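Colleague: Prediction below, plus the sequence it came from.
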Amino acid sequence: MHELNLKTIKGSLIIIVTAVIFVMVGGITILRGNYYLRSKFVVLEWDFIKTEVAYANQNYGGVVSWMFRKDVPNQESGKAKSIPILLYHGVIEDPNWKPDNVNISLSDFRSQMFALKKAGYQTVTLSQFLSFVRGNTELPEKSIMITFDDARKDSFYPVDPVLRTLDYNAVMFVITGRSIGSGNEKNTYFHLSEQELSKMLDSGRWEVGSHTQNGHDTEKIDASGTMGHFLSDRIWLESEGRIETVAEYRKRISDDLLGSKIDLEKNLGIDVLGFAYPFGDYGQNTQNFSDSKKTLNEETSVIFPISFRQTGNYEFPQDYPGKNLYLAKRINMDSSMTQERLLAVLDGGREKSIPYEDSFGSDNGWLVGWGSSELKKGLFLTGASDSEDSSLSFLNGTYSWTDYTVSANVQILKGNSFALVARYIDGNSYVSCDFSPQGVALSGRVNGNETEISESLSISGVEVGKDIPVGISVAGNQASCYIGDKIVTSGIISEKLSHGGIGFKTWDNNVNNSSVLVSTVKVN
C-alpha cells in the first residue's frame with residue numbers, strides 16, 4: 001500500500017511537470033504571436049491590479065472594505081448645462097521626475113481620476129459630446145471628457161489601467177506622421193506605433209482623433225530665421241527666397257489636416273470626428289498672418305466635425321450647447337493642478353441658479369482672468385498683481401445667465417476706480433458699470449472693442465476705504481448702473497451681449513495699484 005502511494009505521488013509529479021513544460025512551451029509560442037501578451041501588455045495587467053488596490057485604498061480605506069461595499073458613485077440626476085474637457089499630455093511614473101507645466105505624475109493622475117469617480121463624474125465619448133454641443137443630446141449633470149495629446153506612450157500605458165478600473169474612456173489625439181505607417185513601427189521610445197494604437201482601440205476604452213500629420217513642429221517664417229507654428233504662420237520658402245502666398249498656405253495646411261484624417265481612417269478603420277490644435281494655437285498666436293484664425297477655422301471645420309484648443313485664463317472653461325460648435329475648449333492639466341483644485345473648478349463651473357447670493361464663506365467658483373484674487377475671512381479680495389495695472393475676476397457657472405440685477409458691497413483698497421461686470425462672456429466681451437470719484441459710466445465691450453454707452457458725472461459716494469453699495473441690471477438690451485437703490489445711468493447695450501455672467505474689474509495708471517474688497521454679492 002505504501003509503495004502504491006509512492007508510485008501514485010511520482011506519477012502525479014510526472015504529470016504535473018509535463019503539464020508545466022507543455023504550458024511553458026505553449027506560452028512562449030503565444031507570447032511570440034500575441035501582441036497583448038508581449039511584455040508591455042503583461043505589465044498593463046499587473047498595473048491594473050495595482051490600480052485596483054490603489055483605488056480601494058483611496059476611496060474605501062482598503063481592499064477588504066472595498067470588497068464588501070457596492071461601488072455606487074454619487075451621480076446626480078440632473079442634466080448637464082455644460083461639459084468640461086480635461087487635457088493631459090504625459091503621465092510620468094519616474095519618481096525622480098521634476099514637475100513641469102506640461103505633464104503630471106501617475107500618482108497625481110490616479111488621485112484625480114479616483115476623486116472624480118467618487119464625486120460621481122462620468123466620461124463621455126466624442127460622438128456624445130458632439131451631439132451635446134449641437135443641442136441634440138442631453139447628458140448627466142456630472143459628465144466630463146478626458147483627452148490626451150501627441151499619442152505618447154506615457155499617456156497610454158500608465159493611463160489605461162486607471163480607465164479600466166473606473167470604467168472611464170478617453171480620446172487620444174495622434175500626430176500621424178510620427179505614429180502611422182510601417183516606418184514608424186521602430187519608433188518605440190516616445191510615440192505609440194500604429195499597431196499599439198490599433199490594440200488600444202480594441203480595448204473599447206479609447207478613441208482617436210487627429211493632432212496633424214506633420215504639423216506639430218515649428219517652421220522658419222522669414223529670411224532671418226524666425227521660427228513660427230506650422231499651422232498658424234506662413235512659412236519661408238528657402239529655395240525661392242520668399243514667404244508662401246496665402247493660397248499656398250491654405251493648401252499646405254489643408255493637405256496636412258486631410259492627410260492626417262486619411263491616415264487614421266485608412267490604417268485604423270475608424271471615423272475621425274475630432275482635431276486638436278498643436279500648442280493650443282488655433283491662429284490666435286500667429287506672427288505673420290492676420291487672417292490665420294479665420295482661415296484655420298474654415299479649413300478644419302470642412303474636414304473635422306469639431307476641433308479642440310486650450311481654455312484661456314479669462315474664459316469660462318466649460319463647453320456649452322450652441323456656443324462652441326467648431327472650437328471646443330479644454331482645461332490644461334499639469335503638475336500644478338491638485339486633486340482639490342480640479343474638483344473645485346469642476347464643481348464651481350456647474351450652472352448656478354438665480355436668485356444667487358455669495359457671502360464668501362467658501363470658494364463658489366470665482367476665477368481670475370488676470371491680476372489676483374483670494375478669499376479672506378468672509379471677504380473677496382481682487383486686484384492687480386505686481387506686474388499688472390488692472391485685474392478681472394468672474395464667477396464660474398454663470399455663463400448662461402441672461403436677465404438679472406446684481407448688487408454688491410465694495411470697498412476700494414488701492415486706486416480709486418473699479419467696475420461691476422455683467423453679461424460676461426470672456427475677457428473681451430461684457431457689460432460694466434465703471435465707478436470712480438469722477439462719476440459712473442456704463443460701458444460695453446464686444447470682441448475687445450470698448451464703447452462708453454452712458455455716464456453720470458455728478459455722483460458722490462465713491463471713496464477709497466468706504467463701503468460702497470453698487471449694482472448693475474441687465475434686461476434685454478437695456479442696462480443700468482446703481483449706487484444704493486438709485487439708478488444713476490442707463491443705456492442700450494449691444495445685441496451681441498445677450499447673455500453672460502458676473503465679475504469685478506479694477507484698474508489704475510500705475511502697476512499694482514488697484515484692488516477692492518467685496519463683502520456680499522446678491523443676484524435677482
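Modeller: Received it, and whenever you're ready, just let me know what you need.
Colleague: just the helices in this structure please.
Modeller: Along the chain, counting by DSSP state H, helices occupy 2-33, 39-60, 63-67, 106-118, 126-133, 160-166, 176-179, 194-202, 246-268, 292-303, 339-348.
Colleague: Tell me which of the ones you listed sits most buried.
Modeller: helix 176-179 (a mean of 24; mean count of other C-beta atoms under 10 Å). Where C-beta positions appear, they are placed from N, C-alpha and C, glycine not excepted.
Colleague: any idea how far it is from the chain center?
Modeller: Relative to the mean C-alpha coordinate of its chain, helix 176-179 is positioned 24 Å out (C-alpha atoms, centre = their mean, to the nearest Å).
Colleague: Show me the contact partners of that helix.
Modeller: 151, 184, 187, 191-194, 197, 210-214, 216, 259-260, 263-264 (C-beta atoms under 8 Å, 6 or more residues apart in numbering).
Colleague: so who does the closest residue to Ala170 other than its chain neighbours touch?
Modeller: Computed as C-beta to C-beta, 6 or more residues apart in numbering, the closest residue to Ala170 that is not its neighbour in sequence is Ile146, at 4.3 Å. Contacts for Ile146 (C-beta under 8 Å, 6+ apart) come out as Ile85, Leu86, Tyr88, Thr123, Tyr168, Asn169, Ala170, Val171.
Colleague: do that again at 6 Å, thanks
Modeller: By C-beta atoms under 6 Å, 6 or more residues apart in numbering, the contact list for Ile146 reads Leu86, Thr123, Ala170.
Colleague: Then Gly209?
Modeller: Going by C-beta under 6 Å, 6+ apart, Gly209 touches Val171, Phe173, Gly274.
Colleague: The nearest residue to it once chain neighbours are set aside bridge partners, please.
Modeller: Excluding the flanking residues, the one nearest Gly209 by C-beta to C-beta, 6+ apart is Gly274, at 3.7 Å. Beta bridges link Gly274 to Ile306 when assigned by DSSP bridges.
Colleague: Quick check: pLDDT value at Gly274.
Modeller: On pLDDT, Gly274 comes in at 97.
Colleague: hang on, it packs against Thr125?
Modeller: No - counting by C-beta atoms under 6 Å, Gly274 does not reach Thr125; the two are 10.5 Å apart.
Colleague: domains of this structure?
Modeller: Following automatic domain parsing, one finds the domains of the chain at 2-33, 42-216+268-287+305-344, 352-523.
Colleague: Could you export the ones you listed to a markdown table, including columns for distance to Lys293?
Modeller: Shown next, in a markdown table, are these (distance: least, C-beta to C-beta, whole Å):
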| stretch | distance to Lys293 |
| --- | --- |
| domain 2-33 | 50 |
| domain 42-216+268-287+305-344 | 3 |
| domain 352-523 | 12 |
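Colleague: wait, which of these is closest to Met227?
Modeller: Among the domains of the chain, domain 42-216+268-287+305-344 comes nearest to Met227, with 9.1 Å by C-beta to C-beta.
Colleague: Give me the contact list for stretch 492-509.
Modeller: Applying C-beta under 6 Å, 6+ apart, the set of residues contacting stretch 492-509 from outside is 382-383, 389-395, 398-399, 401-402, 406, 415, 418-419, 421-425, 431, 444, 446, 477, 479, 514-516.
Colleague: end to end, how far does that stretch reach?
Modeller: 29 Å (C-alpha to C-alpha, to the nearest Å).
Colleague: do stretch 492-499 as well
Modeller: Chord length of stretch 492-499, first to last residue, is 14 Å (C-alpha to C-alpha).
Colleague: Any buried residues in that stretch, and which?
Modeller: Ile493, Ser494, Leu497, His499 (16 or more other C-beta atoms under 10 Å).
Colleague: Now do the first one against Asn510, distance only.
Modeller: Spelled out, that is Ile493. 30 Å (C-beta to C-beta, to the nearest Å).
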